[in-house]
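Colleague: structure, please.
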Amino acid sequence: MSRIKGVTKEEAPEEVRAIFEEQEKRYGFVSNTARVYGLRPTIQKGVQALGQGILASGLIDGELRHLLCVKTANINGCPF
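Modeller: Numbers count the residues shown, from 1 in each chain. Modelled structure (predicted):
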């Protein structure tokens with residue numbers, strides 16, 4: 001459980017709500033991390049830009065990135 005209570009979909013600004021809906025389509029739920037980032041939309045945009053930059057660099061294959069995310073979640077005891 002998160003120490004910081006993030007925003008709910010209903011409380012979120014429109015730009016954050018769009019990100020939440022994208023996550024729901026992709027994963028079936030909105031992650032706690034996204035809810036916390038939703039408290040500060042500019043930070044959320046920056047984190048997304050960083051992730052997109054890493055993918056666009058071509059240095060890490062998309063499948064490898066996914067495996068890294070799953071492994072990190074497993075290490076932290078989080079379901080992914």
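
Colleague: what does Ala12 show for phi and psi?
Modeller: phi -70, psi 150 (degrees, to the nearest 10).

Colleague: ignore the last one, Thr72
Modeller: Reported as degrees, to the nearest 10, the phi and psi values for Thr72 are phi -60, psi -40.

Colleague: let me see the confidence value for it.
Modeller: We have a pLDDT of 88 for Thr72.

Colleague: and if you look at Gly46?
Modeller: Looking at Gly46, its pLDDT is 94.

Colleague: now do Phe80
Modeller: In this model, Phe80 is scored at 59, pLDDT.

Colleague: low pLDDT regions in this protein?
Modeller: Segments of the chain classed as low confidence (criterion: pLDDT under 70) are 1-2, 80.

Colleague: element containing the residue nearest the centre of the chain?
Modeller: The chain has Ala34 as the residue nearest its centroid, 4.7 Å off, counting by C-alpha atoms, centre = their mean. Assigned by DSSP states H and E, Ala34 falls within helix 32-37.
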